[in-house]
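Undergrad: need a 3D model of the sequence below.
(one chain, ligands or ions: 1)
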Amino acid sequence: MKRTLVYKVDLTKIEGDGAFSCPKCATTISPDDETENAYTILETKFKGDSLNKLIIQCKCGSEIHLVGFLSS
Ligand SMILES: [Zn+2]
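TA: Model (predicted):
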């Protein structure tokens, strides 16, 4: 059985529109991309009304935990 690789990406450390490259396969992943062509959303976690954490899975199988969403 293949082991799932888990990466953590802190959005506060990303410049620009929040797009980043998958740490494993370098596919560009944009949280604003809702087509889910490059990734699948596994789980969204909210703290109150604001998005707190997003767990996505890249096409290559890596699981990426997105944290650091700005609470406005
Ligand atoms: Zn990937």
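Undergrad: what residue ranges in this structure score low on pLDDT?
TA: Scanning the chain for pLDDT under 70 picks out 1, 71-72.
Undergrad: how about the residues of it by the ion?
TA: Within the chain, the positions adjacent to the ion are 22, 24-25, 27, 58, 60, 62 by Cβ under 5 Å from the ion. (Glycine included, C-beta is placed from N, CA and C.)
Undergrad: list only buried entries from the residues you listed.
TA: Among these, the ones that count as buried by 16 or more other Cβ atoms under 10 Å are 22, 58, 62.
Undergrad: pretty sure the first one sits against residue 63.
TA: No. Proximity of residue 22 to residue 63 does not meet the contact threshold set by Cβ atoms under 8 Å, at 10.5 Å.
Undergrad: identify the contacts common to the two.
TA: Common contact partners of residue 22 and residue 63 (Cβ atoms under 8 Å, 6 or more residues apart in numbering): residue 7.
Undergrad: hmm, back to that, adding secondary structure as columns, could you present the buried ones among the residues of the chain next to the ion in CSV?
TA: Shown next, in CSV, are these (DSSP: H, G, I helix; E, B strand; the rest coil):
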residue, secondary structure
22, coil
58, strand
62, coil
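Undergrad: can you list these in TSV and add distance to residue 44?
TA: Shown next, in TSV, are these (distance: Cβ to Cβ, whole Å):
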residue	distance to residue 44
22	19
58	16
62	18
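Undergrad: of these, closest to residue 2?
TA: Taking Cβ to Cβ as the measure, residue 2 lies nearest residue 62 of those, at 10.9 Å.
Undergrad: contact partners for that closest one?
TA: Here residue 62 is in contact with 4-7, 22-25 (Cβ under 8 Å, 6+ apart).
Undergrad: keep only those of the residues you listed that are in helices.
TA: Among these, none falls in helices (DSSP state H).
Undergrad: strands - which of these land there?
TA: Using DSSP state E, the members of the contacts of residue 62 that fall in strands are 6-7.
Undergrad: and residue 46, that's in a strand?
TA: Yes. Per three-state DSSP, residue 46 lies within a strand segment.
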